[in-house]
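**Q** Here you go, sequence then predicted model.
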Amino acid sequence: MNSPTVTAAQPERESSWSGAQQQRVFWEWCLRREVFRFAPLALLVVPLALTELHMTLFWQWSRSVVRGTDILRGLFGIAAMMVVGGGAIHAAQAVCWEVSTDLRELVRLTGIGPVTLFFAKSLVRWWTILCSLLLLTPMVLFAITLGGVTTAHLVACGWGLLMLAALTLGMAMVAGISATEVQNASTTAAMGTFLLMLLYHLLIWMVLALLSAVMWFATGEWAVPHSSWFRPVYDFAWQSAPIANLVRAISTPTLFSPLAPTYWIHFLFAALLIRMATVVMINRFRTIRTVAVASDSAARNSGHSRPRCSNAPFFWKDSQILLGGLRSRRVWLVIYLLATLGGLMLMTSGQDRELPLVVCIITECVLPVIFAVRLDGLIAAEFREQTWQSLMLLPIDRRTLIWSKAKAVAWEQQGALLPLLIAVPIAASRYPAAVFMVAVIAGLSGFMMCQVSAAYYLTPKYFWTGPVRGGLFLCLIVLCVAIWFNCGRWESFFMTVFLQIVTIMPVQQFIGTHIDDWTET
């Protein structure tokens, strides 16, 4: 009499067991794939750490003072850079392929739950990043032998990196799941993570600037007195910036405490971001939408009409179709307006005379990177949609295709002139030479990044091309750092510009020749 009950319950047990086994196999598969990604990160961490160690020892021995804290400070900076850079470039792209509109329904057929898919793909990539940071352990032990490094330094650095990893994890998840509808999802996710980190700091700085502005309107002075009722809010905002926590952790570890609200509040914010990204991930796999129907509905409801093609068809396609047209341009304009407002408040409210120069340098360095990333997205779209071969058959100058994409990016990024017109005059009034040097070097570096993007897509993708390009880039960085350490300011500037031009000219000739000789093979 009990046999029917047993046979009815047996399939349920097998289904539950098979689901758990499926998740375990998926986690193991993700970990195996990450084994092959560990080597590139290790090849990036080790040369940077060895270069920093060599430069620090050379600088200290020239002064006959060798301190382990200076080496530890440099290693901490490299670790922080690897956490943010690895999270943006590596972890933010974890689920871009699986959640894309073309493959989402195919991934649904595997039976992997959206939460399992999201956390398995994201966390195993962070496992690779954290394992690559373990390569710095021998150098940290060497710094301890030089003296000056205490347990408080190591504990504070560990807590600081943990906070930075948590923030980057949350922002990478949000950027990765939000960029699945765009043309170049991977590049957009990486750029979105950097922008989220920048906007997070900018929000805190805007609070400080707002409090200082309120004080100026009230008393005519920028400084907030200790007797003011919003002085605790000002101190909390000043101490809660992630960069402030990192500086406090490495410089004065005795003042750093993981129990302080200015520290653990970032973990709450990271948890909120992770929760938001998880909800979006679940909704993406819950609703079934057709790309054509969604695009037609968006076109009917948008109310925006594209301009006529006129005599520039390639520019029209790049600007209006691939980049998103006026809507994308307005979004970037709003971003640049907020950045300009925040930078202006920061420069006018700061007490440090060098703060305008810092804001100007950040502006001049970030804008070429944004330009190169957007150009990379346009070139990638042609290869992803398999339209590049067809364009090569047209009876036109093939270099026109690249220049039209560059003009389209310049058309979209016109709002970048706003922060430049604000930051450059203020900083140039005190430091004209520094502003000029940074502008020239950043412009050449941005042009070099555009060349790297074009060369990546236009050349055959042999297994050795990536390591060779990365090695040459690292050699150029090391050479420039050595020049700036051992030469004067203007000599270093002219030598750096000369090296960049020498690198740019043959690469430009190579790209032009490859475009002219392009064949379908």
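**A** Looks like it came in fine. Numbering: from 1, shown residues only.

**Q** Tell me which helix or strand the residue nearest to Ser492 when sequence neighbours are not counted sits in.
**A** Distance criterion C-beta to C-beta, 6 or more residues apart in numbering; nearest residue to Ser492, sequence neighbours excluded, is Trp484 at 4.5 Å. For the C-beta atoms, the positions are set from N, CA and C on the backbone; glycine is no exception. Secondary-structure element containing Trp484, defined by DSSP states H and E: helix 465-486.

**Q** Could you list the buried residues of the helix or strand where Leu203 lies?
**A** Element membership for Leu203 (DSSP H and E) is helix 185-219. Residues 185-197, 199-200, 202, 204-209, 211-212, 215 are the ones in helix 185-219 that count as buried (16 or more other C-beta atoms under 10 Å).

**Q** hang on, Ile78 packs against Met139?
**A** No - using C-beta atoms under 8 Å, Ile78 is not in contact with Met139, being 9.3 Å away.

**Q** give me phi/psi at the residue nearest to Ile370 when sequence neighbours are not counted?
**A** What sits nearest to Ile370 in space, not counting adjacent residues and going by C-beta to C-beta, 6+ apart, is Gln413, at 6.6 Å. The phi/psi pair for Gln413 (degrees, to the nearest 10) reads phi -100, psi 30.

**Q** Check Thr150 too.
**A** phi -110, psi 170.

**Q** Surely it touches Pro253?
**A** Yes - assessed by C-beta under 8 Å, Thr150 is found in contact with Pro253 at 7.4 Å.

**Q** Looking at those two, which has the bigger crowd around it?
**A** Pro253 (20 against 14; other C-beta atoms under 10 Å).

**Q** and the nearest residue to that one once chain neighbours are set aside, which of the three is it?
**A** Once flanking residues are discounted, Pro253 sits nearest to Ala156: 3.7 Å by C-beta to C-beta, 6+ apart. Three-state assignment for Ala156 (DSSP: H, G, I helix; E, B strand; the rest coil): helix.

**Q** For the helix or strand hosting Leu106, buried residues please.
**A** Here Leu106 sits within helix 104-108, counting by DSSP H and E. Going by neighbour count (16+ other C-beta under 10 Å), the buried part of helix 104-108 is 104, 107.

**Q** Could you list every helix and strand in contact with it?
**A** Applying 3 or more C-beta pairs under 8 Å, 6 or more residues apart in numbering; DSSP states H and E, we find helix 104-108 packed against helix 261-286.

**Q** Report the distance from the helix it packs on to the chain centre.
**A** 19 Å (C-alpha atoms, centre = their mean, to the nearest Å).

**Q** Likewise for stretch 332-339?
**A** The mean C-alpha position of stretch 332-339 is separated from the chain mean by 18 Å, C-alpha atoms, centre = their mean.

**Q** List the residues that contact Trp411.
**A** 315, 319, 329 (C-beta atoms under 8 Å, 6 or more residues apart in numbering).

**Q** Please determine how far the residue nearest in space to the middle of the chain is located from Thr128.
**A** Central residue of the chain (C-alpha atoms, centre = their mean): Phe194, 3.4 Å from the mean position. Distance, Phe194 to Thr128, using C-beta to C-beta, to the nearest Å: 19 Å.

**Q** For the residue nearest to His201 when sequence neighbours are not counted, grab phi and psi.
**A** Among residues not flanking His201 along the chain, Ala241 sits closest, at 6.0 Å (C-beta to C-beta, 6+ apart). Backbone torsions of Ala241, given as degrees, to the nearest 10, read phi -60, psi 130.

**Q** This completes my enquiry, with thanks.
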